[in-house]
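Participant: just a sequence and a predicted model for now, questions to come.
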Amino acid sequence: MTHARGVALVVGGVVAVVAACGGTMRDPSRPDADDAVVRVRTTVPDASLWVDGRFIGPIGGLRGGFALEPGKHRVELRHDDYWSHYEELDLAPRQRVLLDIEMAPVLP
């Protein structure tokens, strides 16, 4: 099997799995016009951001916020030294949200 054929099979498999799950692959750097934008301000800038159970990245790298499709989402901040914090959001199209989160340290 050639390398190009192997890559095509892997890409085709990923597309099939995503399609079977009912999702679409989108470029997160190119939000849709109807997407909501969520900004998070927190006392722990190196906390990890999770949305709907998926790791997004460290919150400090998302200064301008992040786009989400309208609808219900679970936004969670995690850090080993702090209690996790989560918010349930029901976002409208083009809504702008600022979450101001103070994370509580885990006691020794």
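Facilitator: Everything's here; your move.

Participant: and the strands in the protein?
Facilitator: Residue ranges of the strands in the chain, as given by DSSP state E, are 36-42, 48-51, 54-58, 66-68, 71-79, 82-91, 96-101.

Participant: which of those sits closest to Leu107?
Facilitator: Ranking the strands of the chain by proximity to Leu107 (Cβ to Cβ) places strand 82-91 first, at 9.6 Å. For glycine as for every other residue, the C-beta is placed from the backbone atoms N, C-alpha and C.

Participant: could you check the angle strand 36-42 makes with that closest one?
Facilitator: 160 degrees (axes from the mean of the first three to the mean of the last three Cα atoms, to 10 degrees).

Participant: CA atoms only: put strand 82-91 into PDB for me.
Facilitator: Output of strand 82-91 as PDB, limited to C-alpha atoms (Å, rounded to 0.1, in the frame of the first residue of the first chain):
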ATOM      1  CA  TYR A  82      -8.100  23.900  42.400                       C
ATOM      2  CA  TRP A  83     -11.600  22.600  42.600                       C
ATOM      3  CA  SER A  84     -13.100  22.200  39.100                       C
ATOM      4  CA  HIS A  85     -15.700  24.700  38.100                       C
ATOM      5  CA  TYR A  86     -18.400  24.300  35.500                       C
ATOM      6  CA  GLU A  87     -21.200  26.300  34.000                       C
ATOM      7  CA  GLU A  88     -24.200  25.100  32.000                       C
ATOM      8  CA  LEU A  89     -24.900  27.600  29.200                       C
ATOM      9  CA  ASP A  90     -27.800  27.800  26.800                       C
ATOM     10  CA  LEU A  91     -26.500  30.100  24.100                       C
END
